[in-house]
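**Student:** heads up, no residue letters with this:
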């Protein structure tokens, strides 16, 4: 890949490194806080004089900069959409009208209203009726031409009839008749026919409603799936978790989660919105910029052609917070080649007003005493950052990125507390110097950005969806066979307190932007609830797992599979059954019993007591049938039924046998796949 497509930040990084002498590097290394590190580097001539314009003009990736809409392109795509309509290809027309909206300038309200009306026609033909009504509403709000309004009112009325919302349909037919009075370009004979038809429909509807006793219209169908809820009581200190979860802390393990009672497989243990999240560049025109769901019927940003939203609500949230500032700097972030972590670091700032950080700055180092709130920046600031373990080169590299992000905050208007309303001029990035009038902001926000970059290194999560094949007609979508695709990065402050295990007891999936964490095993009271940071013992050898975790997260893994050197899945010995010792006093020993064992009672080598193997075998005799029933349900896409069967099997296994063994992990893996299938997905 050419340098132009890799991004310009590496060149910036190399240039700064080469331009700093040993004395300057030593001075930097002696600085003791993030704010001073950023302020010092910002003051250096090699930084101030750096000109980004040449690099940005060369970079082919990341979208156009300066950011602007393109009326000619919008009109071209609209015409192509109209041509698709003439050919009867309504699916293609829908796609082209949606693309046209991305490029339509904000001031072209009438053109946008016509586009929305055209798209509503395509949606109507595709029998997407709620979306048809939504586009008609948006079209009228933008001032759809009065002489054409009879078209959308009649379409609205006919659509409401299909949805059996007859009371609303009556109003829409009345609006159609009124709008026909202004249809001065419509053929007189056609106008009269439409008026007659509308009056006839009104007469039929009114009579029908009177005869039926004027029933209320059915509620509009909800397009948004139900939000996940945490059942039962919540933990009072950590309200994103169930009361069955407790957060503990010690000097070696840091903060970690344990079970306050026995937890059954399938239980939901945590539901949390992200404190902050950011979509990957490549999905910004296919998925909602605010909640990350796929958007086949997108709503564009009014001021840039780079992002879309799934609803007016998501658009409003973004426009009132982070996207108001980021709208004009997104291509710069993308062209820099920086990771999603860097985008998250600045998003954690832009989503709140400047005054918010000014007000809480002095409280950041103090311990949180009340409930642990997801939206509270202090919850993020106090996550592990390993500042004491970092090298001076690590600090230097991250400080350089913080300076770049700081410059973006300046030029997007953040330090002035008001999003800019004009595109950024290239001349504004001829220097990386931040105006001296913002010296206090350089110290405060530079320090926060640098802290964010450190915290996110260890605490960010990938947001993913399952991408599934289109099902055959009349068949269920088989989601568990979909590919898990990384869409966005996000930080969930409560989940970040859970420690890693190479044999995790939970699975996580997403409903919109919310993360859901469920037990995928039975967890005993007092046991640690481990999630997974990457490598799993069944597929990755111990030494590689430990090396990967040490390199990426800076800790030595001491989970049970690592301490006991559990075998990979393929190496698990199928000649023995691993029975738990059935002693009348607690015994941690596992008794390996050959499948061809003739004895009913086997002595434990640890406590010397005997375990009734026959009793254990009897309790397990139905597991194979139950498991196969669960697999059949899963293959048919009946995930609720399948989960019940897998959970039943795990209960039987846990009562008698001790992992690791293949059939146990087959069941855990299938239960996990069913749970993932409940979360975000898209059809490809």
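**Tutor:** That came through fine. A quick note: this is a predicted structure, and the numbers were derived from the prediction, not measured. Numbering: from 1, shown residues only.

**Student:** tell me the contacts of residue 675?
**Tutor:** 507, 509, 518, 520, 643 (CB atoms under 8 Å, 6 or more residues apart in numbering). (Each C-beta comes from the backbone N, C-alpha and C, glycine too.)

**Student:** what about the last one, neighbour count?
**Tutor:** Here the number of neighbours of residue 643 (other CB atoms under 10 Å) works out to 23.

**Student:** just the first one next, same as before
**Tutor:** By the criterion of other CB under 10 Å, residue 507 has 22 neighbours.

**Student:** Could you report the separation of it from residue 320?
**Tutor:** 34 Å (CB to CB, to the nearest Å).

**Student:** The fourth one too?
**Tutor:** From residue 520 over to residue 320 the distance is 38 Å, taken as CB to CB.

**Student:** With neighbour numbers in mind, choose between those two.
**Tutor:** Neighbour count, other CB under 10 Å: between residue 520 and residue 320, residue 520 has more, with 24 against 11.

**Student:** That one and residue 674 touch, don't they?
**Tutor:** No - at 9.8 Å, residue 520 and residue 674 do not qualify as touching, with contact defined as CB atoms under 8 Å.

**Student:** which parts of stretch 142-159 are buried?
**Tutor:** Judged by neighbour count using 16 or more other CB atoms under 10 Å, the buried positions of stretch 142-159 are 142, 144, 148-159.

**Student:** Next: stretch 42-61.
**Tutor:** 42, 44, 46, 47, 50, 52, 55, 56, 59.

**Student:** a helix runs through the third one, doesn't it?
**Tutor:** Just to be clear, that refers to residue 46. Yes - residue state for residue 46 (DSSP: H, G, I helix; E, B strand; the rest coil) corresponds to a helix.

**Student:** Quick one: the helices in the stretch 101-250 of the chain, in order.
**Tutor:** Using DSSP state H, counting those that start in this stretch, the helices of the stretch 101-250 of the chain run over residues 109-125, 129-141, 149-162, 166-180, 188-211.

**Student:** Between those helices, which one is closest to residue 410.
**Tutor:** Within those, the stretch nearest residue 410 is helix 109-125; the backing value is 31.7 Å (CB to CB).

**Student:** How far away from the center of its chain is that closest one?
**Tutor:** Put simply, helix 109-125 sits 29 Å off its chain's centre (CA atoms, centre = their mean, to the nearest Å).

**Student:** Over to stretch 52-62?
**Tutor:** If you compare the mean C-alpha spot of stretch 52-62 with that of the full chain, they lie 29 Å apart, counting by CA atoms, centre = their mean.

**Student:** ends of that stretch, how far apart?
**Tutor:** 15 Å (CA to CA, to the nearest Å).

**Student:** Give me the contact list for that stretch.
**Tutor:** Around stretch 52-62, the neighbours that count as contacts under CB under 8 Å, 6+ apart are 2-5, 7-8, 11-12, 65, 281, 331-336, 426-427, 429-430, 432.

**Student:** What of stretch 103-111?
**Tutor:** With CB under 8 Å, 6+ apart as the test, stretch 103-111 has contacts from 69-71, 73-75, 77-78, 112, 115, 142-145, 300, 302-303, 305.

**Student:** And the contacts of the helix or strand where residue 10 lies?
**Tutor:** Secondary structure here is read from DSSP states H and E; on that basis residue 10 sits in helix 9-19. Residues external to helix 9-19 that are found in contact with it (CB under 8 Å, 6+ apart): 3, 41, 44, 46-47, 50, 52, 55, 336-338, 396-397, 400-401, 404.

**Student:** Do you know the pLDDT at residue 621?
**Tutor:** We have a pLDDT of 86 for residue 621.

**Student:** Just give the number of residues close to it.
**Tutor:** The number of residues packed around residue 621, counting by other CB under 10 Å, is 9.

**Student:** Please renumber the chain so that the first residue is 35 from this point on.
**Tutor:** Got it, the first residue is 35 from now on, which makes the last one we talked about residue 655.

**Student:** Would you check that residue 313 makes contact with residue 520?
**Tutor:** No - taking CB under 8 Å as the contact criterion, residue 313 and residue 520 are not neighbours in contact, 10.7 Å apart.

**Student:** can you tell me how far residue 266 sits from residue 302?
**Tutor:** When residue 266 is compared with residue 302 (using CB to CB), they lie 9 Å apart.

**Student:** what do you get for residue 184?
**Tutor:** Using CB to CB, one obtains 51 Å as the distance from residue 184 to residue 302.

**Student:** Can you say which of the contacts of stretch 137-145 are buried?
**Tutor:** Here the buried ones among these, as counted with 16+ other CB under 10 Å, turn out to be 103, 108, 109, 111, 112, 146, 149, 176, 178, 334, 337, 339.

**Student:** where does the first one fall, helix, sheet strand or coil?
**Tutor:** The one in question is residue 103. When states are read from three-state DSSP, the local structure at residue 103 comes out as coil.

**Student:** Right, I'll leave it there.
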